[in-house]
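Build the 3D model from these lines:
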Amino acid sequence: MTRRSAIPPRWSTAPSRRPIVPRTLAPVRSAERQLRSRLLVAKAARAALSFDGRLTSPTIEDACKQAGIHPHAYRVLFPTPDVLLDEIARLLVAEAASRMEWMIEQFRPEGDDPDDLVRAATCLARSSPLDRAGLMIRVERRIAAVRRRDGGDAVAGSEDALIAVLVDILHALLGKLGRRFSWPPRVLARVILDTYERSFEGWLLGLNEESTFHDSDYVREVLPLILRDATTASSTTEPRSRSGGRQGRMRSPGSATTNARSFEAHPVRNE
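Sure thing, here's the model as predicted:
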């Protein structure tokens, strides 16, 4: 006959396999899980929006399925579709920052060549500050904010984040060109973003491929003129790269990637 233990099962002395999480860390872990879940859903939805730019119920359901999130949990993470669009907007800013930063690092001016501004404009366009999906998402979010007269703060926050990224990119680009701002940096960044977006939209409406936008008249002619008129040759001596161009580095700590990550960590809420 099997002898029973005198210790009840619920008071077993065997070590528990479940790690003990201090109460002070539990809210932090929960917040980290929510942030990770939000990012997974946003990435899945961003990929789906690349096709038509519209956030529909099937799109949301598919994004939840890919992210492994239950639809009920989705409503907790994103109370409204606009909140999801804002999360995707933050993701777009981070993606644009990475692309532009990498492309500018590869840029090598010829040195005192009049065509360097054209090369710089082409380099900027090849880095895709905006792509087709990003353009549609931005337009969709702005229309929703105007239609409902709500969400303006979130839209403005997304715009400010992209402007901050572009300012840092321009600092690095002008450093390599041996030029400096003659316009206020944010004004130049705003002019470039607005004209770029309108021209890129017109390029797509003309049934052109987004991958060839760097060959457009805007990039080949207009953007170099903007860069020329809004900047001036630097009078200070700066170290040159091996290729002969001036070294252009991201400002620290306000680099493009840092600005984008800061926006992700401290988003403008509109819930």
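
Count the neighbours of residue 51 for me.
Around residue 51 there are 11 other residues, counting by other C-beta atoms under 10 Å. Every C-beta, even on glycine, is put in place using the N, C-alpha and C of the backbone.

Look at it and report its pLDDT.
If you check residue 51, the pLDDT there is 72.

could you list every residue that touches it?
Contact partners of residue 51, counting by C-beta atoms under 8 Å, 6 or more residues apart in numbering, are absent.

The residue nearest to residue 231 when sequence neighbours are not counted pairs with what?
Among residues not flanking residue 231 along the chain, residue 179 sits closest, at 4.3 Å (C-beta to C-beta, 6 or more residues apart in numbering). Beta bridges link residue 179 to residue 233, judged by DSSP bridges.

Residue 232 is in contact with residue 179, correct?
Yes. At 6.4 Å, residue 179 and residue 232 qualify as touching, with contact defined as C-beta atoms under 8 Å.

ok, the residue positioned nearest the centre of the chain to residue 134 distance?
For the chain, residue 93 is the residue whose C-alpha lies nearest the centre (C-alpha atoms, centre = their mean; 1.4 Å). Distance, residue 93 to residue 134, using C-beta to C-beta, to the nearest Å: 9 Å.

Repeat that for residue 204.
Residue 204 is 12 Å from residue 134, where distance means C-beta to C-beta.

Regarding the residue nearest to residue 43 when sequence neighbours are not counted, which helix or strand does it belong to?
Distances taken as C-beta to C-beta, 6+ apart put residue 91 closest to residue 43, at 6.6 Å, once the chain neighbours are dropped. Taking DSSP states H and E as the definition, residue 91 sits inside helix 81-106.

Tell me how far that helix lies from the chain's centre.
1 Å (C-alpha atoms, centre = their mean, to the nearest Å).

Pull out the buried residues from it.
Buried residues in helix 81-106, counted by 16 or more other C-beta atoms under 10 Å: 81-97, 99-101, 103-104.

list the helices and strands that helix packs on?
Packed against helix 81-106 by the contact rule (3 or more C-beta pairs under 8 Å, 6 or more residues apart in numbering; DSSP states H and E) you find helix 26-52, helix 116-126, helix 132-148, helix 152-177, helix 256-265.
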